[in-house]
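Enquirer: Fold the following, please.
(3 chains)
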Amino acid sequence: MKAITFRHSDKLPIEFYRQKNVCTIARALIGKVLVSVFNNIEAAGRIVETEAYNGAIDKASHAWGGRRTNRTEIMYAAGGVAYVYLCYGIHHLFNVVTNEKDTPHAILIRGIEPLIGIDHMLQRTGKLRLDNTLTRGPGNVSKALGIYTQHTGLSLLDDELYIADDGFRIKPSQIIATPRIGVDYAGKDALLPYRFIVKDNPYVSGKKS
DNA sequence: CTGACGATTCACT
DNA sequence: GTGAATCGTCAGC
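Expert: So this is what the prediction gives:
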């Protein structure tokens, strides 16, 4: 594995996160690199699975109906910050807040392919060997990168947690849209094709191929 | 203050 | 396929 360190200039610019269409951003994030640098430990992986949450009009979103609570307040911030919340009392799920201030769009990062700091990821997750379960599924992604609810509100333009474009391109034909996972409660909104995945990638959650 | 439950994962049958 | 883990959040009293 080639050791790469991403330069500041590789970071996605603020304009990327401020785009109006959350699905466009979710699709564009596929193939980008999610980087965390906590306690001087760098870990990074290529994003292979995302889910868009379309604000107040999306029943699957925490901000459905304009719901505004202490937890979801950060979703109403201007795009380009992290929203991390605890699920089932165990899992910390990492989301990217997008669009302008007061439009609560967010994108859940559900799967990445490890690139850098794999030893640290193994240590954080308590796993012994690299396999496709290390960073498959949103809970595992956060665990491997050391992301916790306390990181909510971090700017993605800062140096601790950010997303970079290293020039790698996934063929558009390999990126497919499907319904989201675990949102059956959302009625017809559960059927929307707001989940984007890399076809046949082993780090995409769901049934094995 | 209390109780119900979740954008999940993993071990076990 | 089923169920437990485990706790912050939120609605309701």
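Enquirer: check contacts around A:G89.
Expert: For A:G89, no contacting residues are found, by CB atoms under 8 Å, 6 or more residues apart in numbering. C-beta coordinates here come from the backbone N, C-alpha and C atoms, glycine included.
Enquirer: contacting residues around the residue of chain A positioned farthest from its centre?
Expert: When distances are taken from the C-alpha mean of chain A, A:L128 lies farthest, 24.4 Å away, according to CA atoms, centre = their mean. By CB under 8 Å, 6+ apart, the contact set of A:L128 is A:L122.
Enquirer: try A:F94
Expert: By CB under 8 Å, 6+ apart, the contact set of A:F94 is A:82-84, A:108-109, A:138, A:141-142, A:145, A:147, A:151.
Enquirer: for these, which one is nearest A:G65?
Expert: Among those, A:Y83 lies closest to A:G65 (CB to CB), at 17.7 Å.
Enquirer: Give me the neighbour count for the closest one.
Expert: A:Y83 is flanked by 27 other residues according to other CB atoms under 10 Å.
Enquirer: nearest residue to it other than its sequence neighbours?
Expert: With CB to CB, 6 or more residues apart in numbering as the measure, A:N95 is the residue that lies nearest to A:Y83, at 4.2 Å, once sequence neighbours are left out.
Enquirer: Wondering if the one helix or strand the one you found maps to reaches DNA strand C at all.
Expert: Counting by DSSP states H and E, the element that carries A:N95 is strand A:91-98. No. Using CB under 7 Å from any atom of the strand, no contact is recorded between strand A:91-98 and DNA strand C, whose separation bottoms out at 8.0 Å.
Enquirer: And A:R7, what's its pLDDT?
Expert: pLDDT for A:R7: 67.
Enquirer: Then A:V183?
Expert: 95.
Enquirer: So the residue farthest from the centre of chain A: helix, strand or coil?
Expert: Recorded secondary structure, A:L128: coil (DSSP: H, G, I helix; E, B strand; the rest coil).
Enquirer: The strand holding A:N95: which residues count as buried?
Expert: Buried residues in strand A:91-98, counted by 16 or more other CB atoms under 10 Å: A:92-98.
Enquirer: Let me know the closest of the residues you listed to DNA strand C.
Expert: A:H92 (9.9 Å; CB to the nearest atom of the strand).
Enquirer: show me the contacts for the nearest residue to that closest one once chain neighbours are set aside.
Expert: Setting aside the residues directly before and after it, A:H92 is nearest to A:S142 in space (CB to CB, 6+ apart), at 4.4 Å. A:S142 sits next to A:84, A:91-94, A:148 when contact means CB under 8 Å, 6+ apart.
Enquirer: Repeat the analysis, applying 7 Å as the threshold.
Expert: A:84, A:92-94 (CB atoms under 7 Å, 6 or more residues apart in numbering).
Enquirer: now A:P202
Expert: A:N132.
Enquirer: pretty sure A:G45 contacts A:P114?
Expert: Yes. At 4.8 Å, A:G45 counts as touching A:P114 under the criterion of CB atoms under 7 Å.
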